[in-house]
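1. Please find the sequence and the predicted model below.
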Amino acid sequence: MKCLILAAGYATRLYPLTENFPKPLLKVGNKTILDWLVDDIDSCGEVDEYVVISNHKYAHHFEAWAKSKTQKITVVDDGTHSNETRLGAVKDIQFAIDELKLDDDMLVIAGDNVLDFSLTRFVAYAKAKGTSCIMRYYEEDYNKLLKCGVVSIDEDDKVLNMTEKSPNPATHWCCPPFYYYTRADAKLVEKGIESGCGTDAPGSYIAWLCGCSTVHAMEMPGKRYDIGNLESYEKVKAEYNGIK
């Protein structure tokens, strides 16, 4: 299994902190955000390669970080130089698939979140289901729902529908940016793009995919810490206590 780490954003809301440095390599506690994610995922023994998808501006930072790790880590530079020219998450995924000729099951994650639970539980869930999978958590705040991927599910966790940033969210189930694609469904990313699925938000591919393939949604067993601006970063640094 391959793990694709989405890290090609420019984190403009964290300027000046991230003006010349990537958000996923900011420290939370004694480790970078990427260290928390990769070290945890690696403990399940399922991933044989980590692929960090970067923009051109920050690629050299990720390459230096990768040299410090024992895992096999490949950095893919998508060639963009600014927030205005970014490809978008779904096109970045396809770029990495094409660049490295990937043909495998894939764990696809945002590289700028920390969790207080192990993602190995999500990998195990997906393996047991045998389908592409997402996670979900209950969001009470309606204003936050407007900015998220929102899913409808049946009694067996099967995703019936998913929307990204809908003005009329159907449920309170939000989808964080952590996804598992089966090998067969990873091959459909290009078709999704050609069919007109959104390409900016990573969940847009899943929103398209659940219309033609089976997708299940695991309830998130803990908390996700989203670092969106300087204030939230300081809060996460003060509150985060690692993976339980």
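-> Arrived safely, thanks for sending.
2. quick one: the helices in the protein?
-> 33-42, 59-67, 89-100, 120-129, 142-145, 183-186, 189-194, 203-209, 230-239 (DSSP state H).
3. His81 is nearest to which of those helices?
-> helix 59-67 (10.8 Å; CB to CB). Every residue, glycine included, has its C-beta placed from N, CA and C.
4. The closest one: how far from the chain's middle?
-> Distance of helix 59-67 from the chain centroid (CA atoms, centre = their mean, to the nearest Å) equals 19 Å.
5. Let's see that helix as PDB, backbone CA atoms only.
-> Presented in PDB, the C-alpha positions along helix 59-67 are these (Å, rounded to 0.1, in the frame of the first residue of the first chain):
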ATOM      1  CA  ALA A  59       9.800  20.700  -2.200                       C
ATOM      2  CA  HIS A  60      13.400  21.100  -1.000                       C
ATOM      3  CA  HIS A  61      12.200  21.300   2.600                       C
ATOM      4  CA  PHE A  62      10.400  18.000   2.300                       C
ATOM      5  CA  GLU A  63      13.400  16.400   0.500                       C
ATOM      6  CA  ALA A  64      15.600  17.400   3.400                       C
ATOM      7  CA  TRP A  65      13.100  16.000   5.900                       C
ATOM      8  CA  ALA A  66      12.700  12.700   4.000                       C
ATOM      9  CA  LYS A  67      16.500  12.100   4.300                       C
END
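6. quick one, it and helix 33-42 angle?
-> 40 degrees (axes from the mean of the first three to the mean of the last three CA atoms, to 10 degrees).
7. and helix 59-67, average pLDDT?
-> Taken as a whole, helix 59-67 has a mean pLDDT of 97.
8. what do you get for stretch 43-54?
-> The model assigns stretch 43-54 a mean pLDDT of 96.
9. Please state the offset of it from the chain centre?
-> 13 Å.
10. Stretch 209-216 now?
-> So, by CA atoms, centre = their mean, the centroid of stretch 209-216 is 18 Å from its chain's centroid.
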